[in-house]
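Enquirer: Build me a model:
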Amino acid sequence: MIRSILLASLALVPFLAAAQDRPIVLKAATVLDGTGKTLRNATIVVNGSKIVSIDGAVPPGAEVYDLGPLTVTPGWIDTHSHVMYHFNNGRLAGRGEPPEQAILYGMENAVMTLNAGFTTIQSPGSPEDKYLRDAIARGILPGPRILTSLQPITDPSLTPERIREIVRERKQQGADFIKVFASKSIREGGAQTLSDAQLEAACGEAKALGLRTIVHAHSAASAKAATLAGCTSIEHGAYVTDDVFDLMVQHGTYYDPNIGLVLQNYLENKEKFLGIGNYNEEGFAFMQKGVQIVLDTFKKALKHPGLKIIYGTDAVAGAHGRNYEEFIVRVRDGGQDPMQALISATSLSAKSLNLGDRIGSLAPGMEADIVAFDGNPLQDVTAARRAVFVMKAGRVVENLAHDAKRGEKK
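Expert: This next block holds a predicted model:
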């Protein structure tokens, strides 16, 4: 039954057309390469899934897309997006939902995310992620490249040895990285929940197995403990202090603040969450205050040279396909330099995923993940909402730009 539902839905998806069998050339007036460079009147040549050259000769038989005045960037990366989270009948979906229905909602979220210009996401927390990840990787479904932690580690009663066992189990199950909860949510004040020894067990075992670790840590104490434990990234960090930011710089720990979408999305969709789990009036009142709290912490973080601030949104139900709002808030309200914000969303986030040699920048040999915007996000942050041309791994998956005309074979 699941297979028949999927096949029926896929009949509507042009993405499943035959793979490109000839070179593609993209011509653009402005190209932001993801590392801080701006190229003018560039010609990007793509063959298969890779960028072959920039400003090279147009190969014979190439299919040419003239992107005209659009601004071209690498595909954007969201390092914290819960792709399976969705609403059903106007409420947050939960346990008991048929799995075939859940995976179809995940497909919908994946398509919306890809169409918004995000060609890679990291999803920290659903066992179902694995099936969506693998289907997209096989090329039978459209969607961003997905990395998943599968089920996160959350239980503070676990012994360090049991945590090490779980890390090994996650690797065997196919997790790309390990997600750990080291503090309560911002709705509950964010106090540390896992001990230093537990964090050392999780992050130490993961590192020994070649896995990265991202840690939900709102309090300064939990962020400090995770940094000292050698964890890869601190997520949220609403109450991180200057001394802990300095420590993160020293240890090369990534920081993923999530200030522009997640709390705003909860507040906009309050009636769809209220009454489920710990989504209560007190929690929503706290989240309303939290919007300013996390913004102030982000501004504090920007004052620490060398702090590696990556791009994650913590997108949940209602937020998928709007992942660009994080960029807008960081620049417009947080005061981040727009080029640095773009680097955060591309090459720096790629490095945090250990994929900096494959994605996140535009250069020969890199995966052809390429997005074109109607407008320049460095000059008008709202242009981030207007991805009108999207290519992932050499396949054009969206072309809404009137100026992106396909040329004849040369």
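Enquirer: CA only for contacts and neighbour counts going forward, please
Expert: OK.
Enquirer: got a list of contacts for stretch 90-100?
Expert: Contacting residues not belonging to stretch 90-100 are listed as 2, 85-87, 271-273, 276, 317 [CA atoms under 8 Å, 6 or more residues apart in numbering].
Enquirer: Then stretch 139-151?
Expert: 10, 13, 15-16, 107, 110-111, 113-114, 118-130, 133, 135-137, 170, 175-179, 392, 397.
Enquirer: Of those residues, which count as buried by neighbour count?
Expert: Among those, the ones that count as buried by 16 or more other CA atoms under 10 Å are 15, 107, 110-111, 113-114, 118-130, 133, 136, 170, 175-179, 392, 397.
Enquirer: Show me those residues that map onto helices.
Expert: Applying DSSP state H to the buried ones among the contacts of stretch 139-151, the entries found in helices are 107, 110-111, 113-114, 129-130, 133, 136, 170.
Enquirer: how many other residues sit next to Arg95?
Expert: By the measure other CA atoms under 10 Å, the count of residues near Arg95 is 7.
Enquirer: and stretch 169-177, how far from the chain's centre?
Expert: How far stretch 169-177 lies from its chain's middle: 19 Å, per CA atoms, centre = their mean, to the nearest Å.
Enquirer: One more: stretch 268-286?
Expert: Once both centres are worked out by CA atoms, centre = their mean, stretch 268-286 turns out to sit 24 Å from its chain's centre.
Enquirer: which residues in the stretch 251-400 of the chain form helices?
Expert: 262-268, 270-273, 281-301, 325-332, 338-343, 349-352 (DSSP state H, counting those that start in this stretch).
Enquirer: possible to save the ones you listed as JSON lines with mean neighbour count, mean pLDDT and distance to Thr213?
Expert: Output for the helices of the stretch 251-400 of the chain, formatted as JSON lines (neighbours: other CA atoms under 10 Å; pLDDT from 0 to 100; distance: least, CA to CA, whole Å):
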{"stretch": "helix 262-268", "mean neighbour count": "19", "mean pLDDT": "97", "distance to Thr213": "21"}
{"stretch": "helix 270-273", "mean neighbour count": "17", "mean pLDDT": "97", "distance to Thr213": "28"}
{"stretch": "helix 281-301", "mean neighbour count": "17", "mean pLDDT": "95", "distance to Thr213": "21"}
{"stretch": "helix 325-332", "mean neighbour count": "22", "mean pLDDT": "98", "distance to Thr213": "22"}
{"stretch": "helix 338-343", "mean neighbour count": "22", "mean pLDDT": "98", "distance to Thr213": "22"}
{"stretch": "helix 349-352", "mean neighbour count": "23", "mean pLDDT": "98", "distance to Thr213": "10"}
